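Novice: Here is my input, please return the structure:
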Amino acid sequence: MTYRAPVQDMVSALFHMADIENQLGALGDVTPDLVADILGEGGKLAGDLLDPLNRTGDMERARLENGVVRMPRGFADAYRQWREAGWAGLSASPAFGGQGLPLALGVAAQEIWNSANMAFSLGSILSQGAVEALTAHGTGEQKNLFLPKLVSGEWMGTMNLTEPQAGSDLNALKAKAVPHGDGTYRISGTKIFISFGEHEMAENIIHLVLARLPDAPPGTKGISLFLVPKYLVNPDGSLGARNDLACVGLEEKLGIHASPTCVMSFGDNGGATGTLIGEENRGLACMFTMMNNARLLIGIQGVAIAERAYQHALGYAHERRQGRPIASKLPAGEMAPIIEHPDIRRMLMSMKALTDAARGICYANAVAIDQSHKGETEAARKSGQARADLLTPVAKAFPTDIATEVASLGIQIYGGLGFVEEAGAAQYFRDARILPIYEGTNGIQANDLVMRKLPLGGGEVVGEFLGELNATAQHAENAEDEILRAAGIALRSGIEALRETTNYLLGKISPAPNDCLAGAVPYLRLFGTVAGGHFLLRAALAAAHENNDFARKRLEIAHFYGAHILTPACALQAAVMAGHDVLASSGSAVFAV
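Specialist: A predicted model of the protein is given here:
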């Protein structure tokens, strides 16, 4: 089944869930109709060009031959067509050739590319992050020399953090940068897990590399960020000599086989030439500009793979015939499509509701980032930044967690055939499994949420968000429609559980931080589940006055989510508030080796 971009759902998520019109007053001509046209065109390209390469790319894989990474057949040409169509610079600054559209629209487009072919699309996510880091922290010369080519997609970017001994803990980072006396630095060291670190799809690859200066202080305070191109760039923008860097290995992975995950070696022959981005020993702050938006884009990968797994399973459930539901009116001996069986419908509804809830969270996060840059007042920009800070760990973790669950349900709907690679359902699960791990594991996101984001503004930032959730529940509870009222009551229960756990954690941060850390992961799941219910209900309320199939769909999803997903999630409150003692007192016998 060919991927079809769910344009109507995406437009509803932007305008009804994320409220892009009210949050960004200066949208100009960015109307629902224009957004639908843009996403519709993107959907056509994704379905015709990228989706057919998803399966073949998974089977062929990227491969390393004599230091050169060969991409699967069709990938380079597909990238050329995608780039020439103008998609690389959708939300980049017009000053460097971008179209200047809201980030939220760029995030929606990323959903389309990643649904059609996640391995292909990972490269554009890293390039977008490089553009953001250079735009925020690059020198004028760096911007003028590198941004136009990165924005156009002629060149691609990477992010080089991880080393064999330094994964989540960058204190252990050892890569070196030695000043050369002419404003450049000699970079040396090994980086691992570098997505699209080497390939031939673009003319040049711009590596953003974390390294230490010789006199740098220890720990993360001594890390600097450097721009290290694959090919050196002359002052006139032309390409010069090959830099002293190489891909020395490709990882054999569970999924995203077509995406080259490289071991990169810098400086084997005297040092790779790089230039400093931002200030010395302030590299981590620069990199976080790239990482925070990258975390949102990984979250949207979760939405994308969940959407694709859902569409795949839905098509099969209509085609596959097995058994007969109770009281079936089919002729004797005739089997029914499996979509008529209650448990299949339950699984499909779970897949769809979780996907739409995750989409609402990601789009709302993107709109908040847009507001932080484009808000009409300073107060609006500060409010947008605070909301983006709060939602970023949730937007990374909740959608990527549900992606593995949705993809697993897709396999279940296929039955035994789902466990067979030929059916295609297994690939979505394999591809999805990396998402809770990279760009900061979801456990790290949960710790960030409870320890850093809940205390923002003395708890006022999360309190304001809870107030918005409360307003949605009240609106639904006062509706004439009985189903809307039921969904509002379910959301109200979730809000109360979230409010009580939030107050509990805020009270524990200083006196008992381990209690917060012990409950961080179930708290993030509770937060994401309740926030997702809020966004789904907002969309249902916005469509309530309409009498059409789409309005009924939004109502049915909100109703199901409240009964089957939101209500059980309230039980997470007990896990959040169990405290550290239950962990500290457990495991002495269980974990003995």
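Novice: Every contact and neighbour count from this point should use C-alpha atoms.
Specialist: Fine.
Novice: list the buried ones in the helix or strand that contains Ala313?
Specialist: Counting by DSSP states H and E, the element that carries Ala313 is helix 283-319. Within helix 283-319, the residues scored as buried using 16 or more other CA atoms under 10 Å are 283-287, 289-314, 316-317.
Novice: swap in stretch 72-90?
Specialist: Pro72, Phe75, Ala76, Ala78, Tyr79, Trp82, Arg83, Trp87, Ala88, Gly89, Leu90.
Novice: Dump these into TSV; add pLDDT, distance to Ser238 and secondary structure as well.
Specialist: Shown next, in TSV, are those (pLDDT from 0 to 100; distance: CA to CA, whole Å; DSSP: H, G, I helix; E, B strand; the rest coil):
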residue	pLDDT	distance to Ser238	secondary structure
Pro72	98	28	coil
Phe75	98	25	helix
Ala76	98	21	helix
Ala78	98	24	helix
Tyr79	98	21	helix
Trp82	98	23	helix
Arg83	97	20	helix
Trp87	97	23	coil
Ala88	96	21	coil
Gly89	95	21	coil
Leu90	95	24	coil
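Novice: so where is this structure shaky, pLDDT-wise?
Specialist: For the chain, the stretches flagged by pLDDT under 70 are 25-28, 587-588.
Novice: Just give me the longest strand of it.
Specialist: The longest strand of the chain (DSSP state E) is strand 185-195.
Novice: Work out the sheet partners of that strand and label each with its direction, please.
Specialist: Counting by DSSP bridges, the strands paired with strand 185-195 are strand 176-179 (antiparallel), strand 261-266 (antiparallel), strand 272-277 (antiparallel).
Novice: Can I get the helix or strand just after it in CSV, CA atoms only?
Specialist: Using DSSP H and E, the helix or strand that follows strand 185-195 towards the C-terminus is strand 204-211. Output of strand 204-211 as CSV, limited to C-alpha atoms (Å, rounded to 0.1, in the frame of the first residue of the first chain):
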residue,chain,number,x,y,z
ASN,A,204,29.9,18.5,0.3
ILE,A,205,29.2,17.4,3.9
ILE,A,206,29.5,20.0,6.7
HIS,A,207,30.4,18.3,10.0
LEU,A,208,29.7,20.1,13.2
VAL,A,209,32.2,18.6,15.7
LEU,A,210,32.5,18.8,19.4
ALA,A,211,36.2,18.9,20.6
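Novice: which is the next helix or strand following strand 204-211?
Specialist: Assigned by DSSP H and E, the successor of strand 204-211 is strand 224-229.
Novice: Could you check the angle that following strand makes with strand 261-266?
Specialist: 100 degrees (axes from the mean of the first three to the mean of the last three CA atoms, to 10 degrees).
Novice: Excluding covalently adjacent residues, which one is nearest to Gln412?
Specialist: Nearest residue to Gln412 in three dimensions, chain neighbours excluded: Gly418, at 6.6 Å (CA to CA, 6 or more residues apart in numbering).
Novice: And the helix holding Ala313, what does it pack against?
Specialist: helix 103-116, helix 118-137, strand 224-229, helix 342-374, helix 378-414, helix 425-432 (3 or more CA pairs under 8 Å, 6 or more residues apart in numbering; DSSP states H and E).
Novice: Contacts for the longest strand of the chain next, please.
Specialist: The contact list for strand 185-195, computed with CA atoms under 8 Å, 6 or more residues apart in numbering, reads 122-123, 126, 158-164, 174-180, 211, 251, 259-268, 270-276.
Novice: before we move on, the earlier item: export the helices and strands packed on helix 283-319 as JSON lines, with columns for distance to Ile565.
Specialist: Converted to JSON lines, the helices and strands packed on helix 283-319 look like this (distance: least, CA to CA, whole Å):
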{"stretch": "helix 103-116", "distance to Ile565": "23"}
{"stretch": "helix 118-137", "distance to Ile565": "27"}
{"stretch": "strand 224-229", "distance to Ile565": "43"}
{"stretch": "helix 342-374", "distance to Ile565": "8"}
{"stretch": "helix 378-414", "distance to Ile565": "12"}
{"stretch": "helix 425-432", "distance to Ile565": "21"}
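Novice: Among the ones you listed, which comes closest to Gly440?
Specialist: Proximity to Gly440 (CA to CA) singles out helix 378-414 among those, at 8.8 Å.
Novice: what angle do that closest one and helix 283-319 make?
Specialist: 40 degrees.
Novice: tell me how far helix 378-414 is from the chain's mean position?
Specialist: For helix 378-414, the separation from the chain centroid amounts to 7 Å (computed by CA atoms, centre = their mean, to the nearest Å).
Novice: can you confirm Lys143 is in a strand?
Specialist: No - membership of Lys143 in a strand is not supported by DSSP: H, G, I helix; E, B strand; the rest coil, which gives helix.
Novice: Surely it touches Thr135?
Specialist: Yes - Lys143 is in contact with Thr135 according to CA atoms under 8 Å; the separation is 6.7 Å.
Novice: just the buried members of the contacts of strand 185-195?
Specialist: 122-123, 126, 158-163, 174-179, 211, 251, 259-267, 271-276.
Novice: which residue of the chain sits farthest from its center?
Specialist: Distance from the C-alpha centroid of the chain, by CA atoms, centre = their mean, peaks at Ala332 (48.5 Å).
Novice: That one and Ala317, how far apart?
Specialist: 21 Å (CA to CA, to the nearest Å).
Novice: Then Asp37?
Specialist: 30 Å.
Novice: likewise Tyr363?
Specialist: Using CA to CA, Tyr363 is found at 29 Å from Ala317.
Novice: ditto for Pro513
Specialist: Taking CA to CA, one finds Pro513 at 47 Å from Ala317.
Novice: Alpha carbons of the longest strand of the chain, in CSV - could you do that?
Specialist: The C-alpha coordinates for strand 185-195 follow below in CSV (Å, rounded to 0.1, in the frame of the first residue of the first chain):
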residue,chain,number,x,y,z
TYR,A,185,42.0,24.6,14.1
ARG,A,186,43.4,21.1,13.6
ILE,A,187,40.7,18.5,14.7
SER,A,188,41.6,15.0,15.6
GLY,A,189,39.6,12.1,17.2
THR,A,190,37.0,9.4,16.5
LYS,A,191,33.3,9.9,16.5
ILE,A,192,30.7,7.2,16.3
PHE,A,193,27.0,6.9,15.4
ILE,A,194,27.3,9.7,12.9
SER,A,195,24.2,9.6,10.7
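Novice: what angle sits between that strand and helix 118-137?
Specialist: Per the same axes, to 10 degrees, the angle that strand 185-195 makes with helix 118-137 is 150 degrees.
Novice: Work out the gap between strand 185-195 and the centre of the chain.
Specialist: Its chain's average C-alpha position is 24 Å from that of strand 185-195, according to CA atoms, centre = their mean.
Novice: can you check stretch 431-439 too?
Specialist: Centroid separation for stretch 431-439 versus its chain: 10 Å, with CA atoms, centre = their mean.
Novice: For it, buried residues please.
Specialist: Neighbour-count burial for stretch 431-439, counted by 16+ other CA under 10 Å, picks out Asp431, Ala432, Arg433, Ile434, Leu435, Pro436, Glu439.
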